[in-house]
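> Return atomic coordinates for the entry below.
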Amino acid sequence: MKKLIAAFLLATLPVMASASGGNVHLEKANIDLSNQASLQNGAKLFVNYCLSCHSASYMRYSRMAADLGMTEAQVEQNLMFTTDKVGETMKVAMAGSDAKNWFGTKVPDLSVIGRSRGADWLYSYLLGFYLDDSRPFGVNNIVFPDVGMPHVLGDLQGWQKPVYVTKTGPEGKTHEVLDHLELAQAGSLSEPEYKRAVRDLVAYLVYMGEPIQLHRYGIGVWAILFLLVFTVLAYLMKKEFWKDIH
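Below is the predicted model of the structure:
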């Protein structure tokens with residue numbers, strides 16, 4: 001029993017850590033995995049802005065085409081830049097050793113990042129970059145402090161600057177804390193357009209983490225309906241079998 005409890009706690013720790021978001025307020029992503037247009041746009045954003053550094057080595061282009069309502073020819077023409085075989089996985093051209101030298105750490109594969117971090121965390125993270133001259137790439141992140149990643153969507157969102165407020169601690173000492181972010185330089189998208197684009201990208205990342213999720217939900221609904229009908233039938237049979245027994 002102790003081993004079972006320990007295994008359960010270890011399994012749920014990543015989920016609890018993701019949900020907590022490091023005591024940072026997380027924006028609601030409100031993604032819609034049934035919206036194929038949103039997933040298609042998310043896939044386009046992923047291959048254009050993420051796949052140059054991050055791989056998705058558990059997702060095949062052919063599977064993505066089938067799930068997102070695209071033909072293999074459309075995927076080959078518009079979404080394949082690192083291979084010419086539609087049956088290949090979404091691998092990155094950059095070598096791991098280069099990533100270590102350039103970014104100071106191994107660049108993670110994003111196949112299951114949607115499951116490990118959660119949609120709200122990813123959405124808030126992609127909204128939370130701000131200018132910080134002390135960082136190697138000139139940006140920091142309100143959700144992931146001291147982030148080692150450049151703001152690859154900066155041309156779309158624009159560049160935000162932090163706004164600090166002075167607060168007094170329990171011992172009477174004052175200190176500055178980050179209050180909110182405001183736009184210092186506009187990007188090519190308006191704020192609503194950027195949020196919509198990020199929502200599409202997050203939806204695609206969540207889809208990649210479990211491509212069969214919607215199908216699984218559908219099976220679950222039918223399974224519950226079957227159990228409900230079976231329960232009624234079982235009850236009626238029990239009444240019939242036991243009606244003469246007092």
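> can you tell me how far the nearest residue to Glu182 once chain neighbours are set aside sits from His180?
With sequence-adjacent residues excluded and distances taken as C-beta to C-beta, 6 or more residues apart in numbering, Glu182 is closest to Val163, at 5.7 Å. The C-beta positions use only the backbone N, C-alpha and C, and glycine is treated the same way. Distance, Val163 to His180, using C-beta to C-beta, to the nearest Å: 5 Å.
> and what of Asn140?
Asn140 sits 14 Å away from His180, taking C-beta to C-beta as the criterion.
> One more: Gln213?
Distance, Gln213 to His180, by C-beta to C-beta: 34 Å.
> ok, the two, which is more surrounded?
Set side by side, Gln213 and His180 show more neighbours around Gln213, with 14 against 11, by other C-beta atoms under 10 Å.
> hang on, that one packs against Gly220?
No: contact between Gln213 and Gly220 fails when scored by C-beta atoms under 8 Å: they sit 10.5 Å apart.
> Name the single longest helix found in this protein.
helix 213-241 (DSSP state H).
> what's near enough to touch the residue nearest to Glu182?
Counting by C-beta atoms under 8 Å, 6 or more residues apart in numbering, Val163 touches Leu178, Asp179, His180, Leu181, Glu182.
> Could you spell out the sheet neighbours of the host helix or strand of it, each with its direction?
For Val163, the element it lies in under DSSP states H and E is strand 158-168. Strand 158-168 sits in its sheet next to strand 174-186 (antiparallel), going by DSSP bridges.
> Number of residues surrounding Leu178?
13.
> is the residue nearest to it when sequence neighbours are not counted in a bridge, and if so with what?
Excluding its sequence neighbours, the residue lying closest to Leu178 (C-beta to C-beta, 6+ apart) is Pro162, at 5.1 Å. Beta-bridge partners recorded for Pro162 (DSSP bridges): Leu181.
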